[in-house]
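Chemist: here are the coordinates; sequence isn't available:
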């Protein structure tokens, strides 16, 4: 077996390690069951004395007593950054093309690597943005995902023994002599469990990681606090955003937390088609060591290699987008770092998610607000979009929205007249960023990681297919949610979308149904049934009343069209000129009829429509008191409308006869 074992630690070293990690030498042993092991680890993770949770005030108090250390770190960051900037400036003066200069790209990548994990993560984020970063720099930045310089094996093996209570060769029958990947927070070995023979990935955390991360977070937080006070244009809670990021990074440094995240991710999204989540081995996992199932696959950005296996990389991106939509808009628990190193195409054509350290949550009000905002962007309802930004906490309720609404129109206007869904998220966020300087917007802390997740995923998508549009791919799912989600918030949003100035917009319903049927898990029978149930409920009273009028108009227009065609036939073809030709439906009514016909076709053709299932559901609803009331209203209104028409026709006829009998000129 290829394992190099570190020499036993001296008693003094052992005591230092045990003191640091609060381990009782009398209780270090392997647990007998996974549940016991997992339970004890979770207890340790929540212990405050281990310092595993992000504490901004505690970190500030720590570094305020160490000004020399802080200034030393500032100089360590500024010196190479200024040197690099001067070098780029000098190159430009000499006429060199910096964008294509691999030497400068390598220099920048090495500088970020030396500066540590916080700056490596900045490079990782840039590595997914081919629309922002020149190709030469992009190629170098991709190495920051999993090709960083590793730390010595001796330290890694020592951590394994300290964290798991046994030497590596007692746990693994095989372990690669060198790490197969090294990222910002840890490095990964490929191994095989001695107990079961299963192939595993063993992730070991970098030494001194917490110290290096906290000092950078402290400096950045101080800069953020200064920026909020000194720069009037800054209205966002920069400190809150930094604290949110700090909490996520501290969670990422705790591998127990990552294991819990992986299991929760599997429970929520493991059932989705072609999504794969690796198993966590709790017997061999602790705070600084994580053992998980080994996944054979290729990075999602290795397009040619994936194609050689007969797998469509673009399809896997679509799988990732659909999974992300459910993360952000359905359950709220989302992967905040979906860069190419964390997304693998398995050899059997599935999308495997890795590295569950940086996860976050979005609460229901924000989830519903995002759905509504997407709908209003696609449908160009900029009045409603302005109110969405109030609900999402980007604008305070007292802000005057009057000048902001036309500003939204400018941001989302496309010169070529294409659909807003054809825009990409990066374009929208960039345009909105400019808007935020002009108007009193603020960026809530929860938003930063959402944008990081979406923009990173979109960067991967654009790398694979430059024409990929995340918003366009998202709208079918959003349409499905609007049509099927029973939540009061989305029902209200659906009502606002379908009604304007008291008129029902059949074209909007048709567009929703067209888009929804492109969502892979959409069932039109279920959607129709839920719609009927909603109409029969008290919450559906408003729509019921409006639909009565709209249905009558449709029936009336259809009847007039039939009579028009019949009387026209009698006059023109048969020659019965004594019959007055009945006027047909107006152009607007004909358009409505066309929408209704299209809606019926969509319901029949798409989304696993089951007529028998729908008939069964309708038969159940017939006995519902609300539905019976609805039927009575429709029948009553139809009778009233019919009676009014008969009276009107009679009066018109009598008036015409009277006029005929009057002398000319009277």
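Modeler: Sure, I can see it. What you see is a predicted model, and the numbers here were worked out from it, not measured in a lab.

Chemist: contacts, neighbours, all on C-alpha from now
Modeler: Will do.

Chemist: and the strands in this protein, which stretches?
Modeler: Ranges of strands in the chain, per DSSP state E, are 172-175, 181-182, 186-193, 199-205, 275-276, 289-293, 297-299, 333-335, 343-346, 351-353, 359-361, 499-500, 503-504.

Chemist: who's in contact with the fourth one?
Modeler: Okay, so that is strand 199-205. With contacts defined as Cα atoms under 8 Å, 6 or more residues apart in numbering, strand 199-205 is touched by 156, 159-160, 185-193, 253, 288-294.

Chemist: what strands line up against that strand, and which way round?
Modeler: The pairing partners recorded for strand 199-205 under DSSP bridges are strand 186-193 (antiparallel), strand 289-293 (antiparallel).

Chemist: mean confidence for the shortest one?
Modeler: Across strand 289-293, the average pLDDT comes to 96.

Chemist: residues near residue 221, how many?
Modeler: By the measure other Cα atoms under 10 Å, the count of residues near residue 221 is 21.

Chemist: er, residue 412 I mean
Modeler: With other Cα under 10 Å as criterion, residue 412 counts 20.

Chemist: you'd agree it is up against residue 432?
Modeler: No - Residue 412 is not in contact with residue 432 according to Cα atoms under 8 Å; the separation is 9.3 Å.

Chemist: identify the residues contacting residue 330.
Modeler: Residue 330 neighbours (Cα under 8 Å, 6+ apart): residue 367.

Chemist: rewinding a little: distance to residue 148 and mean neighbour count added to the strands of the chain, as JSON lines?
Modeler: What follows is these, written out as JSON lines (distance: least, Cα to Cα, whole Å; neighbours: other Cα atoms under 10 Å):
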{"stretch": "strand 172-175", "distance to residue 148": "20", "mean neighbour count": "21"}
{"stretch": "strand 181-182", "distance to residue 148": "5", "mean neighbour count": "20"}
{"stretch": "strand 186-193", "distance to residue 148": "9", "mean neighbour count": "23"}
{"stretch": "strand 199-205", "distance to residue 148": "13", "mean neighbour count": "24"}
{"stretch": "strand 275-276", "distance to residue 148": "26", "mean neighbour count": "20"}
{"stretch": "strand 289-293", "distance to residue 148": "18", "mean neighbour count": "23"}
{"stretch": "strand 297-299", "distance to residue 148": "16", "mean neighbour count": "18"}
{"stretch": "strand 333-335", "distance to residue 148": "22", "mean neighbour count": "25"}
{"stretch": "strand 343-346", "distance to residue 148": "18", "mean neighbour count": "24"}
{"stretch": "strand 351-353", "distance to residue 148": "20", "mean neighbour count": "25"}
{"stretch": "strand 359-361", "distance to residue 148": "22", "mean neighbour count": "21"}
{"stretch": "strand 499-500", "distance to residue 148": "56", "mean neighbour count": "12"}
{"stretch": "strand 503-504", "distance to residue 148": "58", "mean neighbour count": "16"}
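
Chemist: just the helices in the stretch 201-350 of the chain please.
Modeler: 209-230, 238-252, 255-269, 303-308, 313-326 (DSSP state H, counting those that start in this stretch).

Chemist: and the shortest one, which residues are buried?
Modeler: With burial defined by 16 or more other Cα atoms under 10 Å, the residues of helix 303-308 counted as buried are 303, 306.

Chemist: now swap in the last one and tell me
Modeler: Under the neighbour-count criterion of 16+ other Cα under 10 Å, helix 313-326 has 313-314, 316-326 buried.

Chemist: what mean pLDDT does it have?
Modeler: 90.

Chemist: now for that helix, which elements pack on it?
Modeler: helix 303-308, strand 351-353, helix 445-464, helix 470-484 (3 or more Cα pairs under 8 Å, 6 or more residues apart in numbering; DSSP states H and E).

Chemist: single out the most deeply packed of the ones you listed.
Modeler: Comparing those by mean neighbour count (mean count of other Cα atoms under 10 Å), strand 351-353 ranks first with a mean of 25.

Chemist: show me the contact partners of it.
Modeler: If you take Cα under 8 Å, 6+ apart as the criterion, strand 351-353 is touched by 274-278, 295, 316, 319-320, 342-346.

Chemist: distance to residue 597 for the residues you listed - can I get that in TSV?
Modeler: Output for the contacts of strand 351-353, formatted as TSV (distance: Cα to Cα, whole Å):
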residue	distance to residue 597
274	36
275	37
276	41
277	44
278	47
295	50
316	35
319	33
320	35
342	46
343	43
344	44
345	43
346	44
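
Chemist: closest to residue 476 out of those residues?
Modeler: residue 319 (13.3 Å; Cα to Cα).

Chemist: how about the strands paired with strand 199-205, which one is nearest residue 171?
Modeler: The minimum distance between residue 171 and the strands paired with strand 199-205 falls on strand 186-193, with 6.2 Å, by Cα to Cα.

Chemist: got the angle for that closest one vs helix 209-230?
Modeler: On the basis of axes from the mean of the first three to the mean of the last three Cα atoms, to 10 degrees, strand 186-193 is oriented at 140 degrees to helix 209-230.

Chemist: mean confidence score for strand 186-193?
Modeler: According to the model, strand 186-193 has a mean pLDDT of 94.

Chemist: ok, now stretch 381-390?
Modeler: Stretch 381-390 comes out at a mean pLDDT of 86.

Chemist: give me the residues contacting that stretch.
Modeler: With contact meaning Cα under 8 Å, 6+ apart, stretch 381-390 is reached by 369-370, 372-373, 376-377, 395-397, 401, 404-406, 408-409.

Chemist: ok, residue 301 to residue 461 distance?
Modeler: The gap separating residue 301 from residue 461 is 9 Å, by Cα to Cα, to the nearest Å.

Chemist: ok, now residue 517?
Modeler: The gap separating residue 517 from residue 461 is 23 Å, by Cα to Cα.

Chemist: cool, residue 363 as well?
Modeler: Taken as Cα to Cα, the span from residue 363 to residue 461 is 26 Å.

Chemist: then residue 280?
Modeler: In terms of Cα to Cα, residue 280 sits 28 Å off from residue 461.

Chemist: need the helices of the stretch 201-350 of the chain in JSON lines (columns: distance to residue 492).
Modeler: Output for the helices of the stretch 201-350 of the chain, formatted as JSON lines (distance: least, Cα to Cα, whole Å):
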{"stretch": "helix 209-230", "distance to residue 492": "37"}
{"stretch": "helix 238-252", "distance to residue 492": "31"}
{"stretch": "helix 255-269", "distance to residue 492": "26"}
{"stretch": "helix 303-308", "distance to residue 492": "43"}
{"stretch": "helix 313-326", "distance to residue 492": "21"}
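
Chemist: before we move on, back to that, from the contacts of strand 351-353, which is closest to residue 150?
Modeler: Closest to residue 150, out of all of the contacts of strand 351-353 and judged by Cα to Cα, is residue 342, at 18.1 Å.

Chemist: quick one, phi psi at the nearest residue to that closest one once chain neighbours are set aside?
Modeler: Closest residue to residue 342 apart from its sequence neighbours, by Cα to Cα, 6 or more residues apart in numbering: residue 354 at 4.7 Å. Backbone geometry at residue 354, expressed as degrees, to the nearest 10, gives phi -130, psi 170.

Chemist: where in the stretch 101-250 of the chain is pLDDT low?
Modeler: For the stretch 101-250 of the chain, the stretches flagged by pLDDT under 70 are 125, 128-132, 145-146, 233-236.

Chemist: now swap in the stretch 401-550 of the chain and tell me
Modeler: 413-424, 426-427, 429-431, 433-434, 437, 502, 518-550.

Chemist: quick one: residue 510 and residue 482, what's the gap?
Modeler: In this view, residue 510 and residue 482 are 13 Å apart by Cα to Cα.

Chemist: what is the neighbour count of residue 209?
Modeler: When neighbours are counted by other Cα under 10 Å, residue 209 comes out with 15.

Chemist: correction: the previous question concerned residue 80.
Modeler: For residue 80, using other Cα under 10 Å, the count is 17.

Chemist: and the pLDDT for it?
Modeler: 90.

Chemist: circling back: can you list the strands of the chain in JSON lines and add distance to residue 447?
Modeler: Listed next are those as JSON lines, based on distance: least, Cα to Cα, whole Å:
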{"stretch": "strand 172-175", "distance to residue 447": "41"}
{"stretch": "strand 181-182", "distance to residue 447": "29"}
{"stretch": "strand 186-193", "distance to residue 447": "27"}
{"stretch": "strand 199-205", "distance to residue 447": "28"}
{"stretch": "strand 275-276", "distance to residue 447": "25"}
{"stretch": "strand 289-293", "distance to residue 447": "29"}
{"stretch": "strand 297-299", "distance to residue 447": "27"}
{"stretch": "strand 333-335", "distance to residue 447": "12"}
{"stretch": "strand 343-346", "distance to residue 447": "22"}
{"stretch": "strand 351-353", "distance to residue 447": "22"}
{"stretch": "strand 359-361", "distance to residue 447": "10"}
{"stretch": "strand 499-500", "distance to residue 447": "30"}
{"stretch": "strand 503-504", "distance to residue 447": "34"}
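
Chemist: all set, thanks.
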